[in-house]
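K.L.:
Predicted model and sequence follow; I will ask about them next.
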Amino acid sequence: MDRRQFLHAGAVAALGLLGAPMLNLGRVRLGAAEVSTRAVDLVEASRAIDMLGLLTLDWPQLFRWHRRPQTFGDADFQRLRDSGVKIFHPAVETHGRDPYAGALRWMAGWNHLLRARPCRLGRIDAPADLTAVPAQGRLGVVLGFQNATHFRTGLDVEAFYALGQRVGQLTYNTHNRLGSGGYETTDRGLTPFGAEVVAEMNRVGMAIDVSHCGERTSRDAIEASRHPVLVTHANCRALNPGHPRCKSDDLIRRLAAGGGVMGITAVRAFVGGARPGLDDLLDHYDHVARLAGPEHVGLGSDVDVTALDAETGKVRAFYAIRGLDPPIRAFQIADGLLRRGWAAGDVERVLGGNFRRALTAIWHREPGRVPTARELRRDPFCPVVPPRPAG
């Protein structure tokens, strides 16, 4: 068995596939779907990043993990790992009467969980972490928000950076003090306060996300930023005209010209059509690649690893795409792009390399940090010896 065969066997074992029937032409069944072994290899090698990937849509469960990290167990870790995604960005909207206080609670909950489970989870703070955390066998978590209403003044950008926020969406669906969301009938563009926040995010090294922003606000933010701007999760307006959560061809080109990356969602309404299927989803990847090049598109699924409704146990209608099995969507997307003739290197970039490149350009502060042996002793998952840094 050569090294490649050994690594593939390890990937298959990690996915619980030893003993699964291997199909002809190098294909294997994962859950309810069949994908190529080449796609499995690419997903495992790519250290996939889902730039709107939630650990769970079961909010009571998530808040239990935040309050009592010991309730995050082996089965929870394995479910996430089996998805093929190595780094998740579980951002939410800030809302309510006091979004600042709510954002502080959200950050405190995540930091409590991440500190208590250092052998299984790692906070992604800097470019080195994008490689080191997955290399250590841990799952990475990028902390961020889908709104900026918790920024009362520009000084709050630095304060939340210190708490671990590394990505910030400027607006959600409607307007705020920074600009206009995509659901507004009139987009007045980036406000003076929005420009101040963009400058502060550039200064501290926090990624700017315009996924939910309106066209003019998105364009203004790209023009104002000295660093690449991200669309962590959206779809293409040319394929789904009129939907406010889809981006125009012009904006996609502007985003790419500044070095940005667009993550494609697996949300049924954003993909478009009465009964969208996996090929309809893949069309959005193809469209961005034709417009701007394959180095400017990535994963931004906007869902957790199962898409299941906690009460019914069925896939939520919001995410019901024909032929897409949410727990293995990274493998199916890789397989579909290969089937369409994409080069393996370009598929690897879609799975993680593109967002890794953009985030490396944006984040410019302290290096990542490997947990100490003392920290690891608090986590019952861990052996006594801490993991070695990558390289």
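P.N.:
It's in.
K.L.:
Let me know the pLDDT of residue 390.
P.N.:
You'll see residue 390 listed with a pLDDT of 45.
K.L.:
what residues are up against residue 356?
P.N.:
47, 49, 127, 130-131 (C-beta atoms under 8 Å, 6 or more residues apart in numbering). All C-beta spots, glycine's among them, are computed from the backbone N, C-alpha and C.
K.L.:
export these to CSV and tack on pLDDT?
P.N.:
Shown next, in CSV, are those (pLDDT from 0 to 100):
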residue, pLDDT
47, 92
49, 98
127, 96
130, 96
131, 95
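K.L.:
Give the other helices and strands that the biggest helix by length in the chain contacts.
P.N.:
The longest helix of the chain (DSSP state H) is helix 99-116. Counting contacts by 3 or more C-beta pairs under 8 Å, 6 or more residues apart in numbering; DSSP states H and E, helix 99-116 packs against helix 59-67, strand 121-123, strand 143-145, helix 155-163.
K.L.:
can you tell me which of the ones you listed comes nearest to residue 310?
P.N.:
helix 59-67 (7.4 Å; C-beta to C-beta).
K.L.:
Report the rounded mean pLDDT for the closest one.
P.N.:
97.
K.L.:
contacts for that helix?
P.N.:
55-56, 71-72, 76, 108-110, 112-113, 310.
K.L.:
do stretch 68-86 as well
P.N.:
14-16, 43-44, 47-50, 53, 55, 64-65, 88, 112-113, 116-117, 120-121, 133-134, 139-140, 299, 305-306, 327-331, 352, 380-381.
K.L.:
Which one of the contacts of residue 356 is nearest to residue 188?
P.N.:
Once C-beta to C-beta is applied, the member of the contacts of residue 356 that ends up nearest residue 188 is residue 49, at 32.8 Å.
K.L.:
mind checking the SS state of that closest one?
P.N.:
strand (DSSP: H, G, I helix; E, B strand; the rest coil).
K.L.:
ok, what's across the strand from it?
P.N.:
residue 87 (DSSP bridges).
K.L.:
who's in contact with it?
P.N.:
Neighbours of residue 49 in contact, by C-beta under 8 Å, 6+ apart: 85-87, 89, 130, 140, 298-299, 351-352, 355-356.
K.L.:
Dead centre of this protein: give me the residue that sits there.
P.N.:
Most central in the chain under C-alpha atoms, centre = their mean is residue 51, positioned 1.6 Å from the mean C-alpha point.
K.L.:
per-residue confidence for that residue?
P.N.:
98.
K.L.:
Dihedrals phi and psi, it?
P.N.:
phi -80, psi 10 (degrees, to the nearest 10).
K.L.:
That one reaches residue 233, doesn't it?
P.N.:
Yes. Counting by C-beta atoms under 8 Å, residue 51 touches residue 233, with 6.7 Å between them.
K.L.:
what sits in contact with each of those two?
P.N.:
263, 300.
K.L.:
got the phi/psi numbers for residue 129?
P.N.:
Dihedral angles (degrees, to the nearest 10) for residue 129: phi -70, psi -30.
K.L.:
tally of neighbours for it?
P.N.:
Residues within reach of residue 129, counting by other C-beta atoms under 10 Å, total 27.
K.L.:
The one 3 residues further on too?
P.N.:
Using other C-beta under 10 Å, residue 132 has 23 other residues around it.
K.L.:
any idea how far it is from residue 334?
P.N.:
In this view, residue 132 and residue 334 are 23 Å apart by C-beta to C-beta, to the nearest Å.
K.L.:
you'd agree residue 194 is up against residue 177?
P.N.:
Yes. The pair residue 194 / residue 177 is scored as a contact, 7.3 Å apart, by C-beta under 8 Å.
K.L.:
Those two: which is more packed in?
P.N.:
Neighbours of residue 194 and residue 177, each counted by other C-beta under 10 Å, are more numerous for residue 194; the result is 24 against 15.
K.L.:
Next up, the contacts around the more buried one.
P.N.:
Taking C-beta under 8 Å, 6+ apart, one finds 170, 177-179, 217, 220-221 in contact with residue 194.
K.L.:
Output those as CSV; include the columns distance to residue 26, pLDDT and secondary structure.
P.N.:
Converted to CSV, the contacts of residue 194 look like this (distance: C-beta to C-beta, whole Å; pLDDT from 0 to 100; DSSP: H, G, I helix; E, B strand; the rest coil):
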residue, distance to residue 26, pLDDT, secondary structure
170, 44, 98, coil
177, 54, 97, coil
178, 49, 98, coil
179, 48, 98, coil
217, 46, 98, helix
220, 48, 98, helix
221, 44, 98, helix
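K.L.:
Check the secondary structure at residue 79 for me.
P.N.:
Residue 79 is classified as helix under three-state DSSP.
K.L.:
so residue 121 makes contact with residue 141?
P.N.:
Yes. Using C-beta under 8 Å, residue 121 makes contact with residue 141 at a distance of 5.9 Å.
K.L.:
List the residue ranges of the stretch 101-250 of the chain that fall below the pLDDT cut-off.
P.N.:
Across the stretch 101-250 of the chain, nothing is flagged by pLDDT under 70.
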